[in-house]
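# When you get a sec, could you give me coordinates for this:
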Amino acid sequence: MISLAEIVRSLNAAWLLFLDRRGAMQMFDTSTTGFWRSFQAIVLVAPIYAVSVLADEQTYLAGAPTAGDAAFAPATFFLARAVTLLLDWVTLPLLLAALAPMLGIRQAYAPYMVARNWGSLLTIIPFVALSVLEVTGVIEGQAVLVAIGAALALSLRYSYLAARRALGVPVDVAVGFVVLDFLVSLAITRVVAYALGVDA
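Predicted structure coming up:
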């Protein structure tokens, strides 16, 4: 199980990587043990993600005329979000593990996954904060769209730097990894929503 010291060190490394500080990647534990422990970060991501899901449910209920009848099933809504999180957590790692030899990233695969996993804890926070601010009415209308754009930009920046520094690839290849990660997440969200019959 990951220790508090490792959590603090890894989050500090993720923050420094976001700032593109030299030596940030070396602060992560990229050993085989560190690689597997980084996936345990989902234990920290899940409660934060749950707050966002609860806020999104309230926003949906407030804006959907049919939310009070059988058209909206809370259990299915929460199940869809839980399945989406779990699939999003493992799909890209499995996909890249299969493609690593072909892509020439076999040696850099573990450091990239470690940086991605710990960075997820940082990049989810702006989206959760946005969901809470929206449901409480602090921000609304066009401000929500602007805030979503800003949160997405921060997330994409981290994804880009993780690929660039961990994989040591050129700019265009790093952008390709960012696009792949984004499209995989989007596809998972859409497929799960369609399969369970809920709004994405």
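# what's next to the helix or strand hosting Tyr49, contact-wise?
Using DSSP states H and E, Tyr49 sits within helix 42-63. By Cβ atoms under 8 Å, 6 or more residues apart in numbering, the list of residues contacting helix 42-63 from outside reads 2, 7, 67-68, 72, 74, 77-78, 81, 85-86, 89, 117, 120-121, 124-125, 127-128, 131-132, 134-135, 199. In short, each C-beta sits where N, CA and C put it, glycine included.
# Contact partners for the residue nearest the centre of the chain?
Among the residues of the chain, the one closest to the centroid is Ser120, at 4.5 Å (Cα atoms, centre = their mean). Listed by Cβ under 8 Å, 6+ apart, the contact partners of Ser120 are 41, 45, 89.
# just those now: which is nearest Val144?
Distance to Val144, by Cβ to Cβ, is smallest for Val45 among the contacts of Ser120, at 22.7 Å.
# What count of nearby residues applies to that closest one?
19 (other Cβ atoms under 10 Å).
# State the pLDDT value of it.
We have a pLDDT of 96 for Val45.
# Buried residues, the helix or strand hosting Ala187. List them.
Per DSSP H and E: Ala187 is located in helix 171-196. Neighbour counts over helix 171-196 (16 or more other Cβ atoms under 10 Å) mark 173-175, 177-178, 180-181, 184-185, 188-189, 192-193 as buried.
# Ok, stretch 87-98 next?
When burial is assessed from 16+ other Cβ under 10 Å, stretch 87-98 yields the following buried residues: 87-89, 92-93, 96.
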